[in-house]
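Visitor: Dropping the sequence and predicted coords here.
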Amino acid sequence: MKRAPKAYKDIDFLKSREARTIRILAEYLEPEKRFYEHNVKHTVVFFGSARVKPYIEDKYDTKRYYWAAEELAFKLATWAKCLPDNGDSFKICTGGGPGIMEAANRGAKRANSKTIGLNISLPHEQEPNNFITPELNFEFHYFFMRKLWFVYFAKALICFPGGYGTLDELFETLTLIQTHKLEKPCLPILLYDKEFWEDLIDFDKLVKMKLISPHDAKLFHFFDTPVQGMEYLKPRLEKIIKNFREPE
């Protein structure tokens, strides 16, 4: 009689509801292995719209967001290469798709730096961009596992204008910091284009209505140019990385 396939080689089983836990673990263990192999300990994460196009004109001039993200990622990646290459440097990390994600990977690649893309399987919009370092190109099924890896190595988060996905990533991170579920109380969170964000969300009203505390409104910092972003981030990243201790 022909041997039955081993359970871990049975594709039908691995795709089944009963094997969901195995799939979740795989999306933790396989990235962990690859990050370890490539000595990734620190990242600067870029969030932002997948729909921003670099060469398309519109009345809001959204292409400026693309090129600002590309330039900031280039400046950060260039500076990171001056840091000791013993794990104390950092990599630019994105969601791996088009728009702002592509821009940040593109800027890092222009600096000849390795750059990370944490892609996710979606019916539309989300395909890996061409600027991700191939060995650091990941594909996730579960949003929550992808979010874990966004935050796990993050030493700063940079959020450009975006839609539901961008807002979800931003506010989940702010919630984790606010509720002390994230052991990174000094994690810099930068929001690009102060006018956009203040027009979108009345943060002061949230404070006035006591829906958040005054301190909560200081968990992020606005900036309007890549130069401003670098000036704010450099001293903070240097301090965070210098004081970093490997988790036990």
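Guide: Arrived safely.

Visitor: wait, residue 71 sits on residue 104?
Guide: No: between residue 71 and residue 104 there is no contact, the gap being 10.0 Å when judged by Cβ atoms under 8 Å. Quick note: C-beta positions are derived from backbone N, CA and C, even for glycine.

Visitor: who's more crowded, these two?
Guide: Each of residue 71 and residue 104 has its neighbours counted (other Cβ atoms under 10 Å); residue 104 has more, 35 against 19.

Visitor: and that one, that one's in a helix?
Guide: Yes: if the criterion is DSSP: H, G, I helix; E, B strand; the rest coil, then residue 104 is within a helix.

Visitor: This protein: strands as residue ranges?
Guide: Secondary structure of the chain (DSSP state E): strands at 43-47, 91-94, 115-120, 137-140, 154-159, 189-192, 221-223.

Visitor: got JSON lines for those strands, with mean neighbour count, mean pLDDT and distance to residue 243 too?
Guide: Listed next are the strands of the chain as JSON lines, based on neighbours: other Cβ atoms under 10 Å; pLDDT from 0 to 100; distance: least, Cβ to Cβ, whole Å:
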{"stretch": "strand 43-47", "mean neighbour count": "27", "mean pLDDT": "97", "distance to residue 243": "17"}
{"stretch": "strand 91-94", "mean neighbour count": "29", "mean pLDDT": "98", "distance to residue 243": "19"}
{"stretch": "strand 115-120", "mean neighbour count": "24", "mean pLDDT": "97", "distance to residue 243": "23"}
{"stretch": "strand 137-140", "mean neighbour count": "18", "mean pLDDT": "96", "distance to residue 243": "28"}
{"stretch": "strand 154-159", "mean neighbour count": "23", "mean pLDDT": "97", "distance to residue 243": "11"}
{"stretch": "strand 189-192", "mean neighbour count": "22", "mean pLDDT": "98", "distance to residue 243": "18"}
{"stretch": "strand 221-223", "mean neighbour count": "17", "mean pLDDT": "98", "distance to residue 243": "20"}
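
Visitor: got these as a markdown table, with distance to residue 201 columns?
Guide: Putting those into a markdown table (distance: least, Cβ to Cβ, whole Å) gives the following:
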| stretch | distance to residue 201 |
| --- | --- |
| strand 43-47 | 15 |
| strand 91-94 | 23 |
| strand 115-120 | 25 |
| strand 137-140 | 28 |
| strand 154-159 | 12 |
| strand 189-192 | 10 |
| strand 221-223 | 12 |
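
Visitor: Restricting to C-alpha, output the helix or strand bottoming out on mean pLDDT in the chain in PDB.
Guide: Per-element confidence for the chain was summarised using mean pLDDT, DSSP states H and E. The lowest value among helices and strands belongs to helix 11-14, with a mean of 90. As requested, C-alpha coordinates have been extracted for helix 11-14 and formatted as PDB (Å, rounded to 0.1, in the frame of the first residue of the first chain):
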ATOM      1  CA  ILE A  11      -1.100  20.800   1.500                       C
ATOM      2  CA  ASP A  12      -4.900  20.200   1.800                       C
ATOM      3  CA  PHE A  13      -4.500  19.800   5.500                       C
ATOM      4  CA  LEU A  14      -2.200  22.800   5.900                       C
END
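
Visitor: Find me the pLDDT at residue 246, would you?
Guide: Per-residue pLDDT puts residue 246 at 68.

Visitor: do residue 1 as well
Guide: Taking residue 1 on its own, its pLDDT is 89.

Visitor: What about it, how many residues nearby?
Guide: Using other Cβ under 10 Å: residue 1 sits among 3 other residues.
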